[in-house]
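> Give me coordinates for this.
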Amino acid sequence: MTVEIALATEQDIDVVSGLLTKLAVHDSELDDLMDPNYAESLQFRSHLAMMVQMDLSYVAVARVNDRAIGAGIGRLQRAEAAGIFAADLQMLYVEPDMRGHGVGRMLVGHFQEWAKGKGASMLKVTTYLNDNEATLGFYKALDMTPTMVELRKMI
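Next comes the predicted model:
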């Protein structure tokens with residue numbers, strides 16, 4: 001199986017949105033505030049259209065034989081306190097039947113190389129803690145270390 005990962009173009013927005021909608025549905029089961037339809041919204045699609053044009057934004061699609069099997073989005077941001085550029089992996093999704101074949105690792109590696117080429121010196125990701133052991137294990141296997149916890153309260 002040959003996996004090809006490429007930066008997305010405007011023609012890929014529907015594909016990326018479709019894949020990330022599946023992630024949003026999953027995330028909505030972990031987070032009452034997550035709208036499972038968000039990635040299908042015009043607002044999100046417009047955001048993706050802007051991201052594919054921006055130098056400091058990352059949108060990529062993984063394919064096998066022209067089938068889109070995964071996607072990732074991220075961005076570079078200045079980590080002011082540390083005085084460095086950080087690569088923030090915002091969303092990552094791999095189709096369930098393709099998990100365990102290294103596709104997620106390849107997408108993260110592609111993002112990391114893209115970010116290093118743009119001057120980033122740190123990779124970070126935010127994920128859910130509760131009922132999400134597989135995802136946490138995935139990132140730990142990539143030598144990522146948990147460092148922060150987000151606390152919330154509705155007001």
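> Contacts for the top helix by length along the chain, please.
The longest helix of the chain (DSSP state H) is helix 13-30. Outside helix 13-30, the residues that touch it by Cβ atoms under 8 Å, 6 or more residues apart in numbering are 8, 34-40, 44-45, 48-49, 52, 59, 61, 68, 70-71, 73, 91-93, 95, 128, 130-132. Just so you know, the C-beta spots here come from the backbone N, C-alpha and C atoms, and that holds for glycine as well.
> Please identify the buried residues of that helix?
Residues of helix 13-30 classed as buried: 13, 16, 17, 19, 20, 21, 22, 23, 24, 25, 26, 27 (neighbour count, 16 or more other Cβ atoms under 10 Å).
> And for stretch 63-71?
Quick answer for stretch 63-71 (16+ other Cβ under 10 Å): 63, 64, 68, 69, 70, 71.
> next one: stretch 79-89
Buried residues in stretch 79-89, counted by 16+ other Cβ under 10 Å: 85, 86, 87, 88, 89.
> Among the contacts of helix 13-30, name the ones in helices.
Among the contacts of helix 13-30, the members falling in helices (DSSP H) are 44, 45, 48, 49.
> most neighbours, which of the residues you listed?
When neighbours are counted by other Cβ atoms under 10 Å, residue 48 leads the ones in helices among the contacts of helix 13-30 with 23 neighbours.
> do you know how far the closest residue to it other than its chain neighbours is from residue 70?
Residue nearest to residue 48 in three dimensions, not counting chain neighbours: residue 13, with 5.0 Å by Cβ to Cβ, 6 or more residues apart in numbering. According to Cβ to Cβ, to the nearest Å, residue 13 stands 16 Å off from residue 70.
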